[in-house]
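Student: Need a 3D model of the following:
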Amino acid sequence: SLGMCDLGIIYISEPNEKSMMSELKSRDLEFLPLRQVTPCAYLSVNSPLAQQKEIDIKDLEGKAFVQYEQRNATLRFYSEEVLDELPFEKKVYIRDRGTMEDVIAENPLSFGIGTGALIATSRIKLVTIPLREHTKMNLGWIKNAQKPLNEIGKRYLELLRIAITEEFDQTLCQEIKQAD
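Tutor: Alright, predicted model coming up:
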């Protein structure tokens, strides 16, 4: 129907799982996992940390945390970033992924956090490095629990699974497990 999406892509992690699952249930939505991934730092190729195999949270202290702006502070469990709950001293709020990547690429003392996926054109200016000892992100999709997915949605998921497999196989974040 008008104004309704057939599916959405989200992640659920330990800090937001209870709130997210409750919210999804209240809206009659179902979460279906795609993959489990290790959160990664997005860094400029010119960052002093760019050659590390893993990064500890302490390594990021003093650097600017670039994150998506959350318009409603009461919805913290909807945050795009898995580390939103940490009190980084310097934060830069942006509104889209392209701007986030440009800010990080041009500022070697900044970082973002995410799944580790990068589009091909971003790989020349950014690297992704797994965070040591951090909660996993369960990447998945949501849909109306009472409505079957249409053919276009099924084809989209098929292509998404291929893209996710190819993307994660090409990044530095190799600790990916197939979700059950």
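
Student: separation between the residue lying closest to residue 101 once chain neighbours are set aside and residue 128?
Tutor: Nearest residue to residue 101, sequence neighbours excluded (C-beta to C-beta, 6 or more residues apart in numbering): residue 122, at 5.5 Å. The way it works is simple: take the backbone N, C-alpha and C, and place the C-beta from them, glycine included. Using C-beta to C-beta, to the nearest Å, residue 122 is found at 9 Å from residue 128.

Student: Who does the residue most central in space within the chain form a beta bridge with?
Tutor: In the chain, the centroid-proximal residue (C-alpha atoms, centre = their mean) is residue 114; its distance is 3.6 Å. Going by DSSP bridges, residue 114 is paired in beta bridges with residue 40.

Student: Please verify my assumption that it contacts residue 39.
Tutor: Yes: contact criterion C-beta atoms under 8 Å: residue 114 and residue 39 qualify, at 7.1 Å.

Student: Going by contacts, tell me the helices and strands next to the longest helix along the chain.
Tutor: Ranked by residue count under DSSP state H, the longest helix found in the chain is helix 151-170. Helix 151-170 sits against strand 29-37, strand 137-144, with contacts defined as 3 or more C-beta pairs under 8 Å, 6 or more residues apart in numbering; DSSP states H and E.

Student: Extract the C-alpha trace of the last one and format it as CSV.
Tutor: What follows is strand 137-144 as a C-alpha-only set of coordinates in CSV (Å, rounded to 0.1, in the frame of the first residue of the first chain):
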residue,chain,number,x,y,z
MET,A,137,26.3,-7.0,14.3
ASN,A,138,23.5,-9.2,13.0
LEU,A,139,22.8,-7.7,9.6
GLY,A,140,19.4,-8.6,8.3
TRP,A,141,16.2,-7.5,6.7
ILE,A,142,12.7,-6.8,8.0
LYS,A,143,9.3,-7.3,6.5
ASN,A,144,5.6,-7.3,7.5
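
Student: what's the offset of it from the middle of its chain?
Tutor: Mean-position distance between strand 137-144 and its chain equals 12 Å (C-alpha atoms, centre = their mean, to the nearest Å).

Student: Run me through the strand neighbours of that strand, direction for each.
Tutor: Here, using DSSP bridges, strand 137-144 pairs with strand 8-13 (antiparallel), strand 29-37 (antiparallel).
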